[in-house]
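Colleague: Sharing a sequence plus its predicted fold:
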Amino acid sequence: METKTVVGIETKRKKRFADFADEPGILDGDKVQIERVLNTEIEVIGYRIKPSKFTKNISGQCLTLQFINMDGERRIIFTGSDVLIEQIKRYGEQVPFFTIIKKVDRYYTMS
């Protein structure tokens, strides 16, 4: 921790929450339906995987995907797509990246 001496008095630099917290960053942006971004290029800039409130998918998880659309606007989508969740688990360390989300039969996938 950094200290300074001011006229003979030693003071410590006050901590900021971000200096010690390991909380994940907030994923901000207007929520959109996944259908609105299908077949268009987006830049994925963040994600979070949490237990889902609904049990419609096999994994029981929900993906929050933060991205920038073609208009430069920050957006988020929520999905229980097991394919997208697995792809993000596998390639999430590559964020940020550009991708196109496509619907193939009954599931979504990044390409």
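Modeller: It's in.
Colleague: From now on I want contacts and neighbour counts done on CA atoms only, so please keep to that.
Modeller: OK.
Colleague: so what strands line up beside the host helix or strand of Cys62?
Modeller: Counting by DSSP states H and E, the element that carries Cys62 is strand 61-68. Next to strand 61-68 in the sheet, as set by DSSP bridges, lie strand 41-51 (antiparallel), strand 74-79 (antiparallel).
Colleague: For the first one, which residues meet the burial criterion?
Modeller: Of the residues in strand 41-51, Ile42, Glu43, Val44, Ile45, Gly46, Tyr47, Arg48, Ile49 count as buried by neighbour count, 16 or more other C-alpha atoms under 10 Å.
Colleague: now for those, which pair is the farthest apart?
Modeller: Pairwise distances across these (C-alpha to C-alpha) peak at 19.0 Å, for the pair Ile42 and Ile49.
Colleague: Show the model's pLDDT score for the most centrally placed residue in the chain.
Modeller: Compute the mean C-alpha point of the chain, and by C-alpha atoms, centre = their mean the closest residue is Tyr47, 1.9 Å away. Reading off the confidence values, Tyr47 has pLDDT 95.
Colleague: Now do the longest helix anywhere in the chain: distance to the chain's middle.
Modeller: Scanning the chain for the helix with the most residues, using DSSP state H, yields helix 82-91. Here the centre of helix 82-91 is set off from its chain's centre by 12 Å, with C-alpha atoms, centre = their mean, to the nearest Å.
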